[in-house]
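**Student:** Build me a model:
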Amino acid sequence: MKKKLFGLMLVGVMLLTIAAGCLTTTETITQTITVTKTATQQPTNLENAGAGGGAVTTPAGYQAVADLVSSYPVEELTQDEIDGILWMREEEKLARDVYLTLYEKWGLQIFYNIATRSEQTHMDMVLALIEKYNLTDPVGDNGIGEFTNPEIQALYDKLVAEGSKSVEDALKVGALIEEVDIKDLEEWLAKSDNEDIKFVYENLMMGSRNHLRAFVRTLENYGIAYQPQVLPQDQYEQIINTPMEMGHIG
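**Tutor:** Numbering: from 1, shown residues only. Purely as a prediction, here's the structure:
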């Protein structure tokens, strides 16, 4: 499954590259300058943001997240559940790290907001599962852009390269990441029956749907109609045409 989704994301990056050719050079330059000048800068220190997977402050606080996860009973884990937890820990880090890096590149507030307000919380929720079940955290002390899983490392490198081409490409990369998150979470959820894992994955998936809506609407502000790269068209349209969701966290 992981290799299949890895391939889907690579195809998505290729499609985004092709789609970028639909914008004229003048449009790209004008929109990039406008966004960069009007974005509100927030201080970020990417060199220090990777301690323990990230020194970015989680609004909810890690202990609050851990308490929520701990409120569910401890259940025996299957190998699929273990694999899913470890994969999603790094996949959520990928989202956070790409967004922090693209924020540093373009100064676009949506990246800073999602990275620091949501993706870090998502990482913390998965970490709470890892610690609850005494698993080995694949993130460890890895810094921004550093991953244990070579597939996720390769994805990070490709997504950052694509998103560094223009603000529009960066926003498309954001939408693609959220599509893949939703797809991955759906598949891992189907292989999990522990209540705490289901709680975490359902919250993460809700957050990804909200982030996808945010990226698509931001692209619409540039006159760009985003086309789904991973999700079926009907599922994508259902998400986009549904209001923002509210949940426990993220």
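**Student:** which residues sit in contact with the most centrally placed residue in the chain?
**Tutor:** With distances taken as CA atoms, centre = their mean, the residue of the chain nearest its centroid is Ala95 (3.1 Å). The neighbourhood of Ala95, defined by CB atoms under 8 Å, 6 or more residues apart in numbering, consists of 114-115, 119, 122, 177-178, 181. To be clear about C-beta, it is placed using only N, CA and C from the backbone, and glycine gets the same treatment.
**Student:** Tell me the pLDDT of it.
**Tutor:** You'll see Ala95 listed with a pLDDT of 98.
**Student:** roughly how far apart are it and Val180?
**Tutor:** From Ala95 across to Val180, the span is 9 Å (CB to CB, to the nearest Å).
**Student:** next one: Ser164
**Tutor:** Ser164 sits 19 Å away from Val180, going by CB to CB.
**Student:** ok, now Tyr99?
**Tutor:** 14 Å.
**Student:** Could you do Phe111 as well?
**Tutor:** 17 Å.
**Student:** Between the two, tell me which one has more neighbours.
**Tutor:** Phe111 (27 against 24; other CB atoms under 10 Å).
**Student:** now, which of the contacts of Ala95 lie within helices?
**Tutor:** If you go by DSSP state H, the contacts of Ala95 have 114, 122, 177-178, 181 in helices.
**Student:** nearest to Asn221, of the residues you listed?
**Tutor:** Distance to Asn221 across the ones in helices among the contacts of Ala95 (CB to CB) is lowest for Ile114, with 16.1 Å.
**Student:** residue contacts, that closest one?
**Tutor:** For Ile114, counting by CB under 8 Å, 6+ apart, the contacting residues are 95, 99, 174, 211, 214.
**Student:** one more time with 7 Å, if that's ok
**Tutor:** By CB atoms under 7 Å, 6 or more residues apart in numbering, the residues touching Ile114 are 99, 211.
**Student:** So, low pLDDT: which residues of this protein?
**Tutor:** Along the chain, the parts satisfying pLDDT under 70 run over 1-60, 248-250.
**Student:** Would you map the helices across it?
**Tutor:** Using DSSP H, helices in the chain cover 2-20, 25-38, 62-70, 79-106, 109-114, 120-132, 150-163, 167-190, 195-221, 233-240.
**Student:** Tell me which of those helices lies nearest to Pro138.
**Tutor:** By CB to CB (comparing all of those), the closest turns out to be helix 79-106, at 5.3 Å.
**Student:** Fine, thanks again, bye for now.
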